[in-house]
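[1] kindly generate the corresponding structure for this input.
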Amino acid sequence: MPPRIKKLIGFSLFLPGLIVYFFAAAALGERVPDFQLMKAAYFLVAGVAWAFPAKFLIQWMHAEPNKKG
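    Prediction:
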């Protein structure tokens, strides 16, 4: 697959996925008990957790195509 197409597909998945993730994390954050330390821990974890799936998507987008021949 050409790198341009992979980047277009990756960006088309990344941006909407990230927006959905942020809204879901905020909605779940409202359900965390009203204890400030617990809320801080939740938002710290939720604020970093999106990076792990994004890492694999970005690696796929930038991977060199397989050379056949």
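[2] alpha carbons only for contacts and neighbour counts from here, please
    Fine.
[3] how about the strands in the protein?
    Read by DSSP state E, the chain holds no strands at all.
[4] just checking, what packs against the helix of greatest length in it?
    In the chain, assigned by DSSP state H, the helix with the most residues is helix 3-29. In this structure, helix 3-29 makes packing contacts with helix 36-49, helix 51-62, judged by 3 or more Cα pairs under 8 Å, 6 or more residues apart in numbering; DSSP states H and E.
[5] apply 6 Å and report the result again.
    The helices and strands touching helix 3-29, judged by 3 or more Cα pairs under 6 Å, 6 or more residues apart in numbering; DSSP states H and E, number zero.
[6] what's the angle between it and helix 36-49?
    Orientation check (axes from the mean of the first three to the mean of the last three Cα atoms, to 10 degrees): helix 3-29 against helix 36-49 gives 170 degrees.
[7] so for stretch 51-63, what gets flagged as buried?
    Using 16 or more other Cα atoms under 10 Å as the test for burial, stretch 51-63 gives 54, 57, 61.
[8] from Glu64, how far off is the second one?
    When you say that, I think you mean Leu57. Distance from Leu57 to Glu64, counting by Cα to Cα, to the nearest Å: 14 Å.
[9] swap in the first one?
    Separation of Ala54 from Glu64 (Cα to Cα): 18 Å.
[10] for Ala49, same thing?
    The value you get for Ala49 to Glu64, if Cα to Cα is used, is 26 Å.
[11] re earlier: distance from the chain centre to the longest helix of the chain, please.
    Centroid separation for helix 3-29 versus its chain: 6 Å, with Cα atoms, centre = their mean, to the nearest Å.
[12] also stretch 25-37?
    20 Å.
[13] so that it lines up with my notes, have the first residue be 12 from now on.
    Right, with 12 as the first residue, what we last looked at is stretch 36-48.
[14] dump that stretch to PDB, restricted to CA.
    Output of stretch 36-48 as PDB, limited to C-alpha atoms (Å, rounded to 0.1, in the frame of the first residue of the first chain):
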ATOM      1  CA  ALA A  36     -13.100   9.600  29.100                       C
ATOM      2  CA  ALA A  37     -14.800  12.800  30.200                       C
ATOM      3  CA  ALA A  38     -18.100  11.100  30.500                       C
ATOM      4  CA  LEU A  39     -16.500   8.300  32.600                       C
ATOM      5  CA  GLY A  40     -14.700  10.900  34.600                       C
ATOM      6  CA  GLU A  41     -18.000  12.200  35.800                       C
ATOM      7  CA  ARG A  42     -18.700   8.800  37.400                       C
ATOM      8  CA  VAL A  43     -15.500   8.800  39.400                       C
ATOM      9  CA  PRO A  44     -16.300   9.400  43.100                       C
ATOM     10  CA  ASP A  45     -15.900  13.100  44.100                       C
ATOM     11  CA  PHE A  46     -12.600  12.600  45.800                       C
ATOM     12  CA  GLN A  47      -9.900  14.900  44.300                       C
ATOM     13  CA  LEU A  48      -7.000  12.400  44.500                       C
END
